[in-house]
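**Q** what shape does this take:
(chains A, B, C and D)
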Number of protein chains: 2
Amino acid sequence: MRKHVLIYGLCGGLLIVALKLIEYRFLVVEHSIEIYGGVVAALFAVVGIWLGLKLTRKKETVVVREVAVPAPPFRVNQTRLQELGITRREHEILELIASGLSNREIANKLFVSENTVKTHSSRLFDKLSAKRRTQAVQIGKQLGLIP
Amino acid sequence: MRKHVLIYGLCGGLLIVALKLIEYRFLVVEHSIEIYGGVVAALFAVVGIWLGLKLTRKKETVVVREVAVPAPPFRVNQTRLQELGITRREHEILELIASGLSNREIANKLFVSENTVKTHSSRLFDKLSAKRRTQAVQIGKQLGLIP
DNA sequence: CTCAAAATCACCCGAAAGTATGACGACAGG
DNA sequence: CCTGTCGTCATACTTTCGGGTGATTTTGAG
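**A** Numbering: from 1, shown residues only, chains lettered A, B, ... in the order given. Okay, the predicted model is just below:
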């Protein structure tokens, strides 16, 4: 800011000197003082406006808008399934257990015997280190095997 | 913009007239033309700077920064709890069931008897229209009672 | 204080869940 | 052809769950 003022002052001084040097050659007409003043005024006004624009050009307003992330579509973690050696049937049964069905209901839905469902779920619990179906569901969710 | 220029011009004209009116009273000294020019220059430069600032004050660069909302914080649906007449204890037990604990484990955790846990869960199942604990968990999630 | 709701506990019993073990057929891959 | 995996099923047994009933204590609102 100070710098700008100094530069401005210097320019003003130089301009005045320049004008003085030529005032007796081209502006000797009587009453030309008004023209002289107007020109000087216009010139410095333009310089002032330019300076003012220069000084404030960098103003910015940062607007932070929070955007809700759309629900990430559930994707079964196939890698984990393989790691744990969980078969398709076992995974299918885990899903049905998670939806709140009993062994018998699952058996009916899959057209197999209840005992089969029990064996599957037993093996599933082993692989998930679960002792109960509720725990299996909880672990399954945590591992991304079910939504 | 046009308006500003006009106003400026008008002011300039008025100033010149004003100066002319007093030039023979206070600035009759020879060579005072330099002082006159300097004053006019400084005055209009100031006006110019002010104008420049005024013109650009409202210019803003809007930067939109999208912020991903991490996880929608889970909020228990208290209204639904009241609608169903589920007590605090029952809700507490629903949460523990959902985390995969057995009745006995819940009893130990809450320092009550297993029978108490059974009674609570029984009433809870009634209120949720659930026949099994797994179903209670599924319904509870659906109703926003548990995360 | 009083009353009702909530929380606690007990006992019984049948149903469901879970464990253990063995067996059989289908099917893919070496 | 042989072997391993998967899916299927069965039997027997133990544990857990859940329903039903009744009772006592705590607690909070009026």
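**Q** CA-only coordinates of stretch A:136-147 in PDB, if you can.
**A** In PDB, the C-alpha atoms belonging to stretch A:136-147 read as follows (Å, rounded to 0.1, in the frame of the first residue of the first chain):
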ATOM      1  CA  ALA A 136     -23.300 -65.400  12.900                       C
ATOM      2  CA  VAL A 137     -25.500 -62.700  11.500                       C
ATOM      3  CA  GLN A 138     -23.500 -60.000  13.500                       C
ATOM      4  CA  ILE A 139     -20.200 -61.300  12.300                       C
ATOM      5  CA  GLY A 140     -21.500 -61.800   8.700                       C
ATOM      6  CA  LYS A 141     -22.500 -58.200   8.600                       C
ATOM      7  CA  GLN A 142     -19.200 -57.100  10.000                       C
ATOM      8  CA  LEU A 143     -17.300 -59.000   7.400                       C
ATOM      9  CA  GLY A 144     -19.400 -57.700   4.500                       C
ATOM     10  CA  LEU A 145     -21.000 -61.000   3.700                       C
ATOM     11  CA  ILE A 146     -24.500 -59.700   4.100                       C
ATOM     12  CA  PRO A 147     -26.000 -56.200   3.900                       C
END
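**Q** near DNA strand D, which residues of chain A?
**A** A:85, A:87-90, A:110, A:112-113, A:115-116, A:118-120, A:132 (Cβ under 7 Å from any atom of the strand). No exception for glycine: its C-beta is placed from N, CA and C like everyone else's.
**Q** just for chain A, where's the confidence low?
**A** Within chain A, the ranges that satisfy pLDDT under 70 run A:1-69.
**Q** can you give me phi and psi for A:Gly100?
**A** phi 90, psi 10 (degrees, to the nearest 10).
**Q** likewise for A:Val112?
**A** Per degrees, to the nearest 10, the backbone of A:Val112 is at phi -130, psi 170.
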